[in-house]
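S.K.: sequence below, structure please.
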Amino acid sequence: MLYGLALCQPLLITGIKLPSGEAAAEAPFLLFGDSIVVAAALAGAAAGLAATALSATLTSFVFMQPIGAFAASATEAGHLAIFIA
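M.R.: Alright, predicted model coming up:
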């Protein structure tokens, strides 16, 4: 049950940020960190790592250029690596 919550939080954050368009693209990781902390606090480290992986995947695919692809510029790849670390 708690793992489901941990995995639903990044999906919920994506759904909240998606309508904001350009504003979400300027700060793609905003709010994802909070959901990771909550997932780890409620369900443990493994759920926090799963939420981190899902958040990074969603951010890369939905909010980073080019939208809808997993390719990223060197700068965005650096930002993504820092987020994961």
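S.K.: tell me the contacts of the residue nearest to the spatial centre of the chain?
M.R.: Nearest to the geometric centre of the chain sits residue 55, at 2.3 Å (Cα atoms, centre = their mean). With contacts defined as Cβ atoms under 8 Å, 6 or more residues apart in numbering, the neighbours of residue 55 are 10, 13, 29, 32, 35, 36, 83. Where C-beta positions appear, they are placed from N, C-alpha and C, glycine not excepted.
S.K.: surely the second one is in contact with residue 35?
M.R.: So the one you mean is residue 13. Yes: under the criterion of Cβ atoms under 8 Å, residue 13 makes contact with residue 35 at 5.4 Å.
S.K.: next SSE downstream of the helix or strand containing residue 35?
M.R.: Per DSSP states H and E: residue 35 is located in helix 32-43. Moving toward the C-terminus from helix 32-43, the next helix or strand (DSSP H and E) is helix 45-58.
S.K.: what's the weakest-modelled helix or strand in this protein?
M.R.: helix 22-26 (a mean of 73; mean pLDDT, DSSP states H and E).
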